[in-house]
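*Asks:* sequence first, then the predicted structure:
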Amino acid sequence: MTHLQENGRLEAFSDGVFAIAITLLVLDLKVPDLGEGRTGGLKAALMAEWPAYLGFLTSFLTILIIWVNHHSLFRQMRGHNRPMLFANGLLLLVVTLLPFPTALTSRYILTGEAGVAALVYCAAQLALALAFNVIWNTAYRGNLLNTDTHNQYARIRRGYRAGPVLYALAVLVAAPFRLLGVAICSGLAVYFAALSYDG
């Protein structure tokens with residue numbers, strides 16, 4: 001039988017990466033410039049930055065939800081093996097990437113390049129869903145789950161199976177219907193926040 005390692009160090013490293021990624025999101029929030037030629041004062045300048053605020057909030061909640069579900073998953077595991085280290089690394093790779101499509105979308109969502117920006121953002125969300133499914137499958141196939149969770153795997157998996165499909169739908173509609181694609185991603189974040197596998 002394969003020797004399983006305790007999860008403490010893996011979770012501590014993951015928590016650090018989550019914390020850095022979620023902090024990097026705030027760097028896209030800029031103090032408005034009230035230079036010559038700008039009308040409406042500070043209030044109007046702040047209101048004009050709404051895409052950045054919405055992008056920050058949406059991606060903050062997405063990373064928070066991923067972190068909560070990551071924490072819940074590792075509570076259901078007896079330990080981890082080498083494949084889980086790589087599966088977890090894949091998830092962290094995508095999490096650390098998320099500030100970039102967030103900033104891209106915030107900057108270009110009201111321009112002629114909005115379709116491309118929304119497409120990149122939705123693709124990043126799809127990558128997150130796929131990476132989390134990889135972690136779940138790795139835990140199941142490696143027999144890392146506690147007995148109760150292992151027996152409930154089919155029910156849990158059904159809850160996550162819809163994720164990649166719906167994120168793929170968001171990718172397909174993102175270019176022609178940019179706001180719809182982003183809205184689907186936001187709605188899925190709420191769905192995964194409500195999805196529990198704590199028992």
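*Replies:* Okay, I see it.
*Asks:* quick one: mean pLDDT for whichever helix in the chain runs longest?
*Replies:* Using DSSP state H, we find that the single longest helix of the chain is helix 114-141. The average pLDDT within helix 114-141 is 91.
*Asks:* list the buried residues in it.
*Replies:* By 16 or more other Cβ atoms under 10 Å, the buried positions in helix 114-141 come out as 114-136, 138-140. Every residue, glycine included, has its C-beta placed from N, CA and C.
*Asks:* that one packs against which elements?
*Replies:* Judged by 3 or more Cβ pairs under 8 Å, 6 or more residues apart in numbering; DSSP states H and E, the packing partners of helix 114-141 are helix 50-75, helix 82-97, helix 99-108, helix 153-174, helix 178-194.
*Asks:* would you mind finding the most buried of the ones you listed?
*Replies:* For those, the largest average neighbour count (mean count of other Cβ atoms under 10 Å) is found in helix 99-108, namely a mean of 21.
*Asks:* do me a favour and average the pLDDT over it.
*Replies:* 90.
*Asks:* which residues are contacting it?
*Replies:* 21, 24-25, 27-28, 51-52, 54-56, 58-59, 114, 116-118, 120-121, 123-124, 182 (Cβ atoms under 8 Å, 6 or more residues apart in numbering).
*Asks:* how about 7 Å then?
*Replies:* 21, 24-25, 28, 51-52, 55, 59, 114, 117-118, 120-121, 124, 182 (Cβ atoms under 7 Å, 6 or more residues apart in numbering).
*Asks:* tell me the one among those residues nearest to Asn88.
*Replies:* Ala21 (14.0 Å; Cβ to Cβ).
*Asks:* which residues are in contact with the closest one?
*Replies:* Ala21 neighbours (Cβ under 7 Å, 6+ apart): 63, 95-96, 98-99.
*Asks:* so where does it fall, helix or strand?
*Replies:* helix 8-24 (DSSP states H and E).
*Asks:* which helices and strands does the helix or strand following that helix pack with?
*Replies:* Using DSSP H and E, the helix or strand that follows helix 8-24 in sequence is helix 41-47. If contacts are counted by 3 or more Cβ pairs under 7 Å, 6 or more residues apart in numbering; DSSP states H and E, helix 41-47 sits against no helix or strand.
*Asks:* any low-confidence regions in the protein?
*Replies:* 1-3, 36-38, 150-151, 195-199 (pLDDT under 70).
*Asks:* now do 50
*Replies:* Residues of the chain meeting the criterion pLDDT under 50: 1, 199.
*Asks:* not counting its neighbours along the chain, what's nearest Leu90?
*Replies:* Ala131 (5.0 Å; Cβ to Cβ, 6 or more residues apart in numbering).
*Asks:* many thanks, I have nothing further to ask.
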